[in-house]
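Novice: I would like the atomic coordinates for the input below:
(chains A and B)
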Amino acid sequence: MKHLLSRTILSIAVLALLAVNARAQATKSQQIVSLFRPVVARSSESTVRVLAGGKDAALGVIVSADGWILSKFSELKGKKIKCKLPGGKEVEAEMFGHDDPFDLVLLKVEAEDLKPIEWTDSKVSRLGHWVASVGPGQDPVAIGVVSVLARKVKGAKYSAPAGGQGGFLGIALDQEFAGVKILEIVPNMPAAKAGFKADDLILSVDGKEVQDSEEFQALIGRHKAGESVTLKFVREEKEMEKTVTLGERPGSAGGKSKGDVQNNMGSKLSDRKAGFPVILQHDSVVKPHECGGPLVNLDGKVIGINICRAGRTESYAIPSEEVRPLLERLKAVNTKKELKQP
Amino acid sequence: MIRFSRVRSLILCATLLLGPVFAQNVWADNFKGFDNLPEVFQKKAPENVADLKAIEDHVAKVVEKVMPCVVSVRVGAAAGSGVIVTKDGFILTAGHVSGAPNRDVTVYFHDGKKAKGKTLGGNHGIDSGLIKITTDGEWNCLDMGDSGELKTNQWCMVCAHPGGFKVGRTPPVRLGRISRVTGSTLWTDCVLVGGDSGGPLFDMKGRVIGINSRIGQGLDNNMHVPVNPFKDSWEKLAAGEVFGGKLGGIGGLPGPGPGKSQPFLGLGCDPDAKGCVIAQIVTGSPAEKAGLKADDVIVKFAGKAVETPMALTTLVRASKPGVRVMLEVMRGDETINITVEIGKR
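Specialist: Sure thing, here's the model as predicted:
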């Protein structure tokens, strides 16, 4: 014991030496965040706080001088909306058109001489370039870098989730196969119990045809553990059908998968965080109630609208080039009328 | 330059016995000008927008350099990440990704191309692992840096595959800085999550300085295996040897999902030190609330001597959330008693 203790003291000395070099400063510390003040100055004048049912629910972007404001739909749905305009004035807002897949909504307030945002295509930013999430104040609400350039998300056909965590099949799919092919079966899991085998080629889920693995996963994800799905598939050139009851994801705590647990470590995530057809991914920590605001590059150009906090490592923005064409369409829609997808 | 002949080569033979092949690779030669980093990287912190601009211009170049060498690896049903460090296709990864030797690996590149591989050895004590591409070809590869020279606040970058390989998504870039360095662990604020395991941590010259390993609760609590131990034990790793015992610490990536009422203290010990020397305190944890600090040495837990981090973990696991425990702690030369209430995750 004594021996151990002396060695312990030695290692303290070593650690103390290590500690002599500079104190760690977080990359997103206030000191660095405040360097972005000139970067967000212009766009912050076009950013409003949006309240739903009296609570801070989202940010919004002024798109025209006469009071059109873009924001995040799912945080505002069904509630009484107010906007805090630059200068601090709180005004009631009316909800106009919304787009379900992009989760954007156009609000109208009675105002004039507002300062509209100026858009830039997201492609001006490269991977690793700084981005600042603009709020109504002088500091950005978050900073980070571009993690993934604007991309189409395959199979992101949004429909309201069934709620809760999707059930578990226990298969690995061949990502390279142009279709849905089982690469591997996890032993003792639902798919194995139902008699599925590697190389089975899945054609449909409950009669709905599936083209690729993302479409397949989206359909399975709508079912909870305990629910059954019928899969049509091809094995050795024969078409077959089997019904399988989905199970709990192994290692899940209270219905949460390991990935969910880790993704929730350290920050709060948005309720709606998937199904957007095109996204730009960045590593800023955007709070769920601070989505709906502009994302700018170091030149202060608006490259997108923050749409969600998606996981521990990621926030998503809808790129400007996807937002702009939507605006006219959303303006044309009257209150309470659903927008039909083309 | 890369050939994707889909010939499945017979399992690794003589080449592995040759040991380290760290010759300067052709790929890195394409990126001159990395020897002298922009001035901003010598500063303690950026001071203005011009400094930020200098950082982003350089980071974009680093991303371009490293991206072709970052891979997603699928071993069995688990997905992790890795980085190619020799042109014959050795991939550094985490020990908990490679697992046992000689397992089949599917290697995915950033553009969706893929190759076959096999797992080799691992030091499970520090979570280092090695994989070799078995598909014929010459591969883009990156140099390994010297993790012994790393400093607190040095800029660094992660580029790996959180959540596994996703069609149409290049490996997400995360920029951060080093917050703590020990011989067996690096801490950074480059945020990690499951699937990033085994992926590379880069310095601003695009050299591999660490491999993603595990996380704690806070977003600043991301842990990487330094690259030097890979180089130091290269022959053992390449020979498929598994050594180093079991990894202690706060929780692997992917690790066992914490149960709802698992007893929780919220600290990480320095695996290099003898005894339980606290290296990291989880923000908001019982350990933090009780006033425990980095560099404290936990000597006794409820009167029982704790000589290793594993012994401490075992005692915490055996306790219950809500229980108050007296810790005997050495802080500097002083021995103090600290009462901590065991929490739950």
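Novice: And for A:K79, nearest residue in space, chain neighbours not counted?
Specialist: Closest residue to A:K79 in three dimensions, ignoring its sequence neighbours and counting by C-beta to C-beta, 6 or more residues apart in numbering or on different chains: A:A52, at 3.8 Å. (Glycine included, C-beta is placed from N, CA and C.)
Novice: Now for the one you found: which residues touch it?
Specialist: A:58, A:75-76, A:79-81 (C-beta atoms under 8 Å, 6 or more residues apart in numbering or on different chains).
Novice: Filter those down to just the buried residues.
Specialist: The neighbour count (16 or more other C-beta atoms under 10 Å in any protein chain shown) marks A:58, A:75-76, A:81 as buried among those.
Novice: okay if I get the residues you listed as CSV plus secondary structure, distance to A:E321 and pLDDT?
Specialist: Below are the buried ones among the contacts of A:A52 laid out as CSV (DSSP: H, G, I helix; E, B strand; the rest coil; distance: C-beta to C-beta, whole Å; pLDDT from 0 to 100):
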residue, secondary structure, distance to A:E321, pLDDT
A:A58, strand, 22, 97
A:E75, helix, 23, 93
A:L76, coil, 24, 94
A:I81, strand, 27, 96
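Novice: now the residues you listed in TSV, with distance to chain B?
Specialist: Listed next are the buried ones among the contacts of A:A52 as TSV, based on distance: C-beta to the nearest C-beta, whole Å:
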residue	distance to chain B
A:A58	22
A:E75	22
A:L76	27
A:I81	31
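Novice: can you tell me which of those lies nearest to B:E64?
Specialist: Nearest to B:E64 out of those is A:A58 (C-beta to C-beta; 35.1 Å).
Novice: Assumed A:I318 was part of a strand.
Specialist: Yes. Under DSSP: H, G, I helix; E, B strand; the rest coil, A:I318 falls within a strand.
Novice: what pairs with it across the strands?
Specialist: A:I305 (DSSP bridges).
Novice: Contacts only, for it.
Specialist: A:102, A:104, A:276, A:278-280, A:304-305, A:307.
Novice: now do A:A178
Specialist: By C-beta under 8 Å, 6+ apart, the neighbours of A:A178 are A:D212.
Novice: ok, now B:A94?
Specialist: Contacts of B:A94 (C-beta under 8 Å, 6+ apart): B:80, B:127-129, B:197-198, B:211-213, B:225, B:253.
Novice: follow-up on the earlier one: which pair of the contacts of A:I318 spans the longest distance?
Specialist: The farthest-apart pair in the contacts of A:I318, when distances are taken by C-beta to C-beta, is A:L104 and A:L280, at 14.2 Å.
Novice: what about residue 70, neighbour count?
Specialist: Let's take chain A. Using other C-beta atoms under 10 Å in any protein chain shown, the number of residues around A:L70 comes to 25.
Novice: wrong chain, I was asking about chain B
Specialist: There are 27 residues near B:V70, going by other C-beta under 10 Å.
Novice: Determine how far the last residue of stretch B:161-173 lies from the first.
Specialist: 9 Å (C-alpha to C-alpha, to the nearest Å).
Novice: is chain A contacted by it?
Specialist: Yes. Stretch B:161-173 comes into contact with chain A (C-beta under 8 Å from any C-beta of the partner chain), by way of B:162-163, B:165, B:167-170, B:172-173.
Novice: Buried residues, that stretch. List them.
Specialist: B:161-166, B:169-173.
Novice: quick one: which of those sit in strands?
Specialist: Secondary structure assignment by DSSP state E places B:V173 of the buried residues of stretch B:161-173 in strands.
Novice: pLDDT for the buried residues of stretch B:161-173 - can I get that in TSV?
Specialist: Conversion of these to TSV gives the following (pLDDT from 0 to 100):
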residue	pLDDT
B:H161	95
B:P162	93
B:G163	89
B:G164	88
B:F165	90
B:K166	88
B:R169	93
B:T170	96
B:P171	97
B:P172	98
B:V173	98
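Novice: Taking the buried residues of stretch B:161-173 together, which two end up most distant?
Specialist: Longest span within the buried residues of stretch B:161-173, C-beta to C-beta: B:G164 and B:V173, 17.1 Å.
Novice: on that earlier part again, distance to B:P68 added to the contacts of A:A52, as a markdown table?
Specialist: Converted to a markdown table, these look like this (distance: C-beta to C-beta, whole Å):
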| residue | distance to B:P68 |
| --- | --- |
| A:A58 | 39 |
| A:E75 | 39 |
| A:L76 | 43 |
| A:K79 | 48 |
| A:K80 | 52 |
| A:I81 | 47 |
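Novice: which stretch of helix or strand covers the closest residue to chain A within the stretch 1-150 of chain B?
Specialist: Per C-beta to the nearest C-beta, B:V59 is where the stretch 1-150 of chain B lies closest to chain A, at 3.8 Å. Element membership for B:V59 (DSSP states H and E) is helix B:49-66.
Novice: C-terminal to that helix, what's the next element?
Specialist: Heading C-terminal from helix B:49-66 (DSSP H and E), you reach strand B:70-75.
Novice: averaged over its residues, what pLDDT does that following strand have?
Specialist: Strand B:70-75 shows an average pLDDT of 94 in the prediction.
Novice: And for stretch B:106-121?
Specialist: Per-residue pLDDT values over stretch B:106-121 give a mean of 94.
Novice: circling back to that earlier point, among the contacts of B:A94, give me the pair with the biggest separation.
Specialist: B:S128 and B:L253 (13.9 Å).
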